[in-house]
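Novice: sequence plus predicted model, see below.
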Amino acid sequence: YIPELVLMASLQSYYYHWLNNPGLAESAFGKQMFAENPSALICFRLNIPIFNRCEKRNNVRMTQVNIQKENIALEQERQKLREEIQQAYYNAQVAASKYQAAVKAKEACATSLDYERKCYDAGKTTLFDLNQANQKWVKAQQEEIQCKYEFLIRQKILEFYFSD
């Protein structure tokens, strides 16, 4: 918005050397550089923003708009991170519940298998029923292990988000 004053200065010199032209007289290097060929330039430029098609004002406004856009983008990223943390927390809670349910299911299947063994030993059930109870118990053990490791992974993800 304010006038601009620019000062430029320049000092130049050059050296001529003709190799294959002995007829031309050559001066010494120092004499040509500093005594015969100096060129100096001093320039002032004054820029008054009166009729600049509102360029400065528009540049300032565009910069302000860009700052607002970046602030909005930053806020969106914060919201996204907050949502990811909340989702990780809920996933950890669900994994903990699933693990507790799997532990109870395994205990129930172990009790059922024990009951089936006693009944088989007493001759009240068949080998088929005993094998089915055993398969259910093995499957419950597998689910418990899977739920345990899923819970541990979810817990580590939460630790990652809450670590310094």
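Specialist: Right, received. Where do you want to start?
Novice: give me the below-cutoff pLDDT ranges for the chain.
Specialist: For the chain, residues meeting the criterion pLDDT under 70 lie at 14-34, 36-37, 164.
Novice: hey, where'd the helices end up in it?
Specialist: In the chain, the segments counted as helices under DSSP state H are 29-31, 55-122, 127-162.
Novice: tell me the most buried of the ones you listed?
Specialist: Highest mean neighbour count among the helices of the chain (mean count of other CB atoms under 10 Å): helix 127-162, with a mean of 15. No exception for glycine: its C-beta is placed from N, CA and C like everyone else's.
Novice: closest one to I2 among the helices of the chain?
Specialist: Across those, I2 has its closest neighbour in helix 55-122 (8.9 Å, CB to CB).
Novice: name the helices or strands packed onto the closest one?
Specialist: The contact analysis (3 or more CB pairs under 8 Å, 6 or more residues apart in numbering; DSSP states H and E) places helix 55-122 against helix 127-162.
Novice: any chance of the helices of the chain in CSV, plus distance to L41?
Specialist: Converted to CSV, those look like this (distance: least, CB to CB, whole Å):
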stretch, distance to L41
helix 29-31, 22
helix 55-122, 28
helix 127-162, 62
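Novice: among those, single out whichever gets nearest to L11.
Specialist: Closest among the helices of the chain, using CB to CB: helix 29-31, at 15.8 Å.
Novice: circling back: out of the helices of the chain, which gets nearest to L7?
Specialist: Nearest to L7, of those and by CB to CB, is helix 55-122 at 20.8 Å.
Novice: for E55, which non-adjacent residue is closest in space?
Specialist: P49 (7.4 Å; CB to CB, 6 or more residues apart in numbering).
Novice: next up, the contacts around that neighbour.
Specialist: Residues counted as contacts of P49 (CB atoms under 8 Å, 6 or more residues apart in numbering) are 1-4, 55-56.
Novice: could you export those residues as JSON lines, including distance to Q76?
Specialist: Below are those laid out as JSON lines (distance: CB to CB, whole Å):
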{"residue": "Y1", "distance to Q76": "33"}
{"residue": "I2", "distance to Q76": "36"}
{"residue": "P3", "distance to Q76": "41"}
{"residue": "E4", "distance to Q76": "38"}
{"residue": "E55", "distance to Q76": "31"}
{"residue": "K56", "distance to Q76": "31"}
